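Participant: could you look at this predicted model? Sequence included:
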Amino acid sequence: MNLKARAARIDDVAAIAAIYNEGIADRIATFEAEWRSAEQVYRWFDGHHPIVVVEDDDGVVVAFASTSTYRDRACYARSASPVDIVVSVSSVSPWRL
């Protein structure tokens, strides 16, 4: 199996949400408790925080990495893009640990 990373597109939001929610359900990838809808993931596409997906040979998104603002506090406002980084792999991927 070959994997290919690429910039995420708007049409990936459902796959990203599904993979994110798998991490919540199995408690392996996050301490988050609130599932994300495709609409919520859509809002991650703000033009400031990159999102990358990984596709398998069939073009199925099997993983993603995203960034978000680290803290909303004023002391971070002028810093060079503090971020949280999330990497999640689909449970159907053979690459999942």
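Facilitator: Received it, and whenever you're ready, just let me know what you need.
Participant: tell me the spacing between Phe31 and Val60.
Facilitator: 27 Å (Cβ to Cβ, to the nearest Å). Glycine gets a C-beta too; all of them are placed from N, C-alpha and C.
Participant: those two: which has the busier surroundings?
Facilitator: Val60 (13 against 7; other Cβ atoms under 10 Å).
Participant: where does this structure have low pLDDT?
Facilitator: Along the chain, the parts satisfying pLDDT under 70 run over 27-30, 70-71, 76-88, 90-97.
Participant: toward the C-terminus from the longest helix seen in it, list the very next helix or strand.
Facilitator: When the chain is parsed with DSSP state H, its longest helix is helix 13-26. Moving toward the C-terminus from helix 13-26, the next helix or strand (DSSP states H and E) is helix 38-42.
Participant: what lines up beside the helix or strand following that next one in the sheet?
Facilitator: For helix 38-42, the succeeding helix or strand toward the C-terminus, using DSSP H and E, is strand 51-55. Strand 51-55 has its sheet partners listed here by DSSP bridges as strand 4-7 (antiparallel), strand 61-69 (antiparallel).
Participant: so for Val53, which of these sits nearest?
Facilitator: Of all these, strand 61-69 sits nearest to Val53, with 4.7 Å by Cβ to Cβ.
Participant: okay, the strands paired with strand 51-55, which one's buried deepest?
Facilitator: Using mean count of other Cβ atoms under 10 Å, the stretch among the strands paired with strand 51-55 with the largest mean neighbour count is strand 61-69, at a mean of 19.
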